[in-house]
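Asks: Please find the sequence and the predicted model below.
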Amino acid sequence: GAVVSQHPSWVICKSGTSVKIECRSLDFQATTMFWYRQFPKQSLMLMATSNEGSKATYEQGVEKDKFLINHASLTLSTLTVTSAHPEDSSFYICSAINSGRTGGTQYFGPGTRLLVL
Amino acid sequence: GESVGLHLPTLSVQEGDNSIINCAYSNSASDYFIWYKQESGKGPQFIIDIRSNMDKRQGQRVTVLLNKTVKHLSLQIAATQPGDSAVYFCAEYTGGFKTIFGAGTRLFVKA
């Protein structure tokens, strides 16, 4: 149980295009999901907290108009990188908290590698 | 700002030996800590957690120690195996389940 999937697993796009990444909790409901970005040989950096049915909460320095987050259901959050540029190339990872359990353990997705040419 | 950091960026151990990965944290108000394992190209995998009202917790081949006095965490892996090779992150929960990750330690297991 507690499986989180991401789609796509990798994507290559041209500079200036937008890319949507999906994060799904497959066997549990998640009112809260998180989006992280990880550059090579670095740690995970929290970008935003995605809350079902409300606006996402962004960390300082993360542009909310560039990284659009939608958490429209209890099992799906999407991250859209708008007008992507090469510096947005990174490994994007989501996590989800099981709403039906106490403790707040985060379950991580497998990540999405984005390469912007 | 608050941060969680690691003393050693890399650790190389012989197969069968025990591994110890260390972590220092700075937020004295944090009450929940987690160790994650991340293999190349994959998301973090939960290993073990510990709450601040404990100083030791054991799992299968892994033990986490918490020293609140000096704000220090360690992960001990017994009988390290090649499959343990990965990057290990300590993390602390701040309010609202937000997680702050440390810098990470890469563990190399030599056969």
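Replies: Sure thing, it's come through.
Asks: Enumerate every residue touching the residue of chain A found nearest chain B.
Replies: Nearest residue of chain A to chain B, counting by CB to the nearest CB: A:Phe108, 3.8 Å away. Bear in mind the C-beta positions are built from the backbone N, C-alpha and C, glycine included. Contact analysis of A:Phe108 by CB atoms under 8 Å, 6 or more residues apart in numbering or on different chains lists A:4, A:93-95, B:36, B:43-46.
Asks: go with 6 Å
Replies: Neighbouring residues of A:Phe108 by CB atoms under 6 Å, 6 or more residues apart in numbering or on different chains: A:95, B:43-44.
Asks: ok, the closest residue to A:Thr82 other than its chain neighbours to B:Tyr32 distance?
Replies: Setting aside the residues directly before and after it, A:Thr82 is nearest to A:Ser18 in space (CB to CB, 6 or more residues apart in numbering or on different chains), at 4.8 Å. Between A:Ser18 and B:Tyr32 the distance is 36 Å, computed by CB to CB, to the nearest Å.
Asks: Which one of the two is surrounded by more residues?
Replies: The neighbour comparison of A:Ser18 against B:Tyr32 (other CB atoms under 10 Å in any protein chain shown) goes to B:Tyr32, with 17 against 12.
Asks: I'd like the distance between that one and B:Arg106.
Replies: Distance from B:Tyr32 to B:Arg106, by CB to CB: 25 Å.
Asks: What of A:Ala30?
Replies: Taking CB to CB, one finds A:Ala30 at 30 Å from B:Arg106.
Asks: pLDDT wise, what is the residue of chain A closest to chain B at?
Replies: With respect to pLDDT, A:Phe108 scores 94.
Asks: where does the chain dip in pLDDT?
Replies: The chain I'm using is chain A. By pLDDT under 70, the weakly predicted segments of chain A are A:1, A:101-104.
Asks: Correction: the question concerned chain B.
Replies: Along chain B, segments meeting pLDDT under 70 span B:1-8, B:95-96.
Asks: Could you check which residue of it lies nearest chain A?
Replies: Of all residues in chain B, B:Gly43 sits closest to chain A, at 3.8 Å by CB to the nearest CB.
Asks: Run a quick neighbour tally on that residue.
Replies: 22.
Asks: Write down the beta-bridge partners of the spatially closest residue to it that is not a sequence neighbour, one by one.
Replies: Of all residues not flanking B:Gly43 in the chain, A:Phe108 sits nearest, at 3.8 Å (CB to CB, 6+ apart). In this entry, A:Phe108 is beta-bridged to A:Ser95, by DSSP bridges.
Asks: And the strands in the chain?
Replies: I'll assume chain A. Listed in chain order, the strands of chain A (DSSP state E) span A:4-7, A:10-13, A:19-25, A:32-38, A:45-51, A:57-58, A:67-73, A:76-81, A:90-97, A:106-108, A:112-116.
Asks: You answered for a different chain; I wanted chain B.
Replies: With DSSP E as the criterion, chain B has strands spanning B:4-5, B:10-14, B:19-25, B:32-38, B:45-51, B:56-58, B:62-67, B:72-77, B:86-93, B:99-101, B:105-110.
Asks: quick one: which of those is nearest A:Met47?
Replies: Evaluated over these, closeness to A:Met47 peaks at strand B:99-101, with 12.2 Å, by CB to CB.
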